[in-house]
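Asker: Provided below are the primary sequence and the corresponding predicted coordinates.
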Amino acid sequence: MAAFTYFTLATLIIGFVSAQQSCTSIDLVANFIVGNETVFQWNATLKVESGKKGVTQVSVEKAASTSKDSSKYHLSKDSNAKASIDGHPMISCSSSKASGKSCSWTTTNSTFNLALPVVINGNSADAQILESVVDENSISLAWGPILQEGNKCNQDGEETNKLPNVQIKVEQCCSTFETVKPPPSSTPTCKKFRSRAIIRESDFSIYATVNTTIIPNMMSLDVTSDYTGPSASSLDISANGYYTMCMTHTDTTSSCSFPLVMGDSKYLFLLQIHGDDKAFTWRYALSGGRLVIRNKEILMEEGVGFTQNNDCFYTSVLFDDGKMGTTELCCKEFA
């Protein structure tokens, strides 16, 4: 796997909007720069749409590229964009015959990192184009911000050791917004959340359990987790698959802190349980819960707050081998 370094070149533009919004499509422009010259450019629109049975379709549309020299700077033979969903290995998007769509993936609420297979000066790499969260049929940035009319663009830079002496600069601008339900006019403040995630075998016996406490502070989410699972296994916990992972082995506890960004934001807690071998020959990924921050209020989903009568949020996932993962995230202490 290539070693990547990510850095933000420009912060989001701060603005005021009268209604709560979420982003449903984002325009991407990726420039590959050698020296001071752009030698290859790729642009496309990434769009999310509601599918059947709660599935979200993520499509790459209007993809186009230009090259200074197509023999030296071009897409690889497998020219379709790739995505890592919930930390799993990259998969190419599949072709679609729908009008105006070049290819797509299907997912549920998940982390979603987009990459482009390119060849620059004979060197090949899957260059990262976007780190994001696809949730509630919308796209937000992996480090938390919810894109809105007043803060719709971001610029990222990347370097990878597989493309020596190449800078990759990407502009990401939301092009389509949807108005979402506003936060409740009065929601009690939750001081402590608790997540319980269980993976069960097909016979309903317990395979692994993760108990997590989340305490929100002014600038961070403080997280403590207890993990019980198979021997020689580990648990990684991250916020949106972006912030530093807490890692713990079976029957041990880990603690870490995830920073909060200013303004409206969203955080999915990604749990990844895997073997301790370096090859990660097996892995299960599931949600540890979701927190949405709107107008400084913490919600379980858009427009729905945690209350004494509605204090829990539930998710589930069915794995390919027949195991089932279930998660509940509940407020355990109100102010």
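Answerer: Good, I have the coordinates.

Asker: check contacts around Thr248.
Answerer: Going by Cβ atoms under 8 Å, 6 or more residues apart in numbering, Thr248 touches 225, 227, 234-235, 254. To be clear about C-beta, it is placed using only N, CA and C from the backbone, and glycine gets the same treatment.

Asker: and Ser195, what element?
Answerer: Assessed by DSSP states H and E, Ser195 sits inside strand 190-200.

Asker: Would you give the sheet partners of that strand, along with the direction of each?
Answerer: Strands that pair with strand 190-200, judged by DSSP bridges, come out as strand 206-216 (antiparallel), strand 324-334 (antiparallel).

Asker: Show me what secondary structure element comes after the helix or strand containing Asp27.
Answerer: Per DSSP H and E, Asp27 falls inside strand 21-34. Downstream of strand 21-34, the first helix or strand assigned by DSSP H and E is strand 37-50.

Asker: Which other helices and strands does that following strand contact?
Answerer: The contact analysis (3 or more Cβ pairs under 8 Å, 6 or more residues apart in numbering; DSSP states H and E) places strand 37-50 against strand 21-34, strand 56-67, strand 73-75, strand 110-120, strand 123-135, strand 138-141.

Asker: Of these, which stretch is the most buried?
Answerer: The highest average neighbour count among those, using mean count of other Cβ atoms under 10 Å, belongs to strand 138-141 at a mean of 25.

Asker: Centroid-nearest residue for the protein?
Answerer: Nearest to the mean C-alpha position of the chain, counting by Cα atoms, centre = their mean, stands Thr111 at 2.4 Å.

Asker: quick one: low-confidence ranges for the stretch 151-300 of the chain?
Answerer: For the stretch 151-300 of the chain, applying pLDDT under 70 flags the ranges 277-280.

Asker: What segments of it are strands?
Answerer: Ranges of strands in the stretch 151-300 of the chain, per DSSP state E, counting those that start in this stretch, are 153-160, 166-179, 190-200, 206-216, 220-228, 233-239, 246-249, 252-259, 265-275, 283-294, 297-301.

Asker: Only alpha carbons, please: show the fourth one as PDB.
Answerer: Below are the C-alpha coordinates for strand 206-216, written out as PDB (Å, rounded to 0.1, in the frame of the first residue of the first chain):
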ATOM      1  CA  ILE A 206     -21.300 -13.600  20.200                       C
ATOM      2  CA  TYR A 207     -18.200 -13.200  18.100                       C
ATOM      3  CA  ALA A 208     -17.000  -9.800  19.300                       C
ATOM      4  CA  THR A 209     -18.200  -6.900  21.400                       C
ATOM      5  CA  VAL A 210     -17.100  -3.300  21.600                       C
ATOM      6  CA  ASN A 211     -18.300  -1.000  24.400                       C
ATOM      7  CA  THR A 212     -17.400   2.700  23.800                       C
ATOM      8  CA  THR A 213     -17.900   5.800  25.900                       C
ATOM      9  CA  ILE A 214     -17.900   9.200  24.100                       C
ATOM     10  CA  ILE A 215     -17.700  12.400  26.000                       C
ATOM     11  CA  PRO A 216     -18.100  15.700  24.000                       C
END
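
Asker: Same list, the strands paired with strand 190-200, but as a markdown table with distance to Gly241 please.
Answerer: What follows is the strands paired with strand 190-200, written out as a markdown table (distance: least, Cβ to Cβ, whole Å):
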| stretch | distance to Gly241 |
| --- | --- |
| strand 206-216 | 16 |
| strand 324-334 | 16 |
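
Asker: Between those strands, which one is closest to Lys192.
Answerer: Distance to Lys192, taken as Cβ to Cβ, is lowest for strand 324-334 among the strands paired with strand 190-200, at 4.0 Å.

Asker: Can you list the neighbours in contact with that closest one?
Answerer: Defining contact as Cβ under 8 Å, 6+ apart, one finds that strand 324-334 is touched by 188-200, 202, 269, 271, 284, 286-291, 300, 306, 308, 311-319.

Asker: Skipping adjacent residues, who's closest to the residue nearest to the centre of the chain in space?
Answerer: Using Cβ to Cβ, 6 or more residues apart in numbering and skipping the chain neighbours, the partner closest in space to Thr111 is Gly241 (3.5 Å).

Asker: okay but that neighbour is in contact with Asp86, surely?
Answerer: Yes. The pair Gly241 and Asp86 qualifies as a contact (Cβ atoms under 8 Å) at a distance of 7.1 Å.

Asker: Show me this structure divided up by domain.
Answerer: 4-179, 190-334 (automatic domain parsing).

Asker: how far is stretch 189-204 from where the chain is centred?
Answerer: Computed by Cα atoms, centre = their mean, to the nearest Å, the separation of stretch 189-204 from the middle of its chain amounts to 20 Å.

Asker: Any buried residues in that stretch, and which?
Answerer: 190, 193-200 (16 or more other Cβ atoms under 10 Å).

Asker: I'd like those laid out as a markdown table, including distance to Trp42.
Answerer: As requested, these are exported to a markdown table (distance: Cβ to Cβ, whole Å):
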| residue | distance to Trp42 |
| --- | --- |
| Cys190 | 43 |
| Phe193 | 40 |
| Arg194 | 43 |
| Ser195 | 38 |
| Arg196 | 43 |
| Ala197 | 37 |
| Ile198 | 42 |
| Ile199 | 38 |
| Arg200 | 43 |
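
Asker: Nearest to Gly263 among the contacts of Thr248?
Answerer: Nearest member of the contacts of Thr248 to Gly263, counting by Cβ to Cβ, is Ser225, at 27.2 Å.
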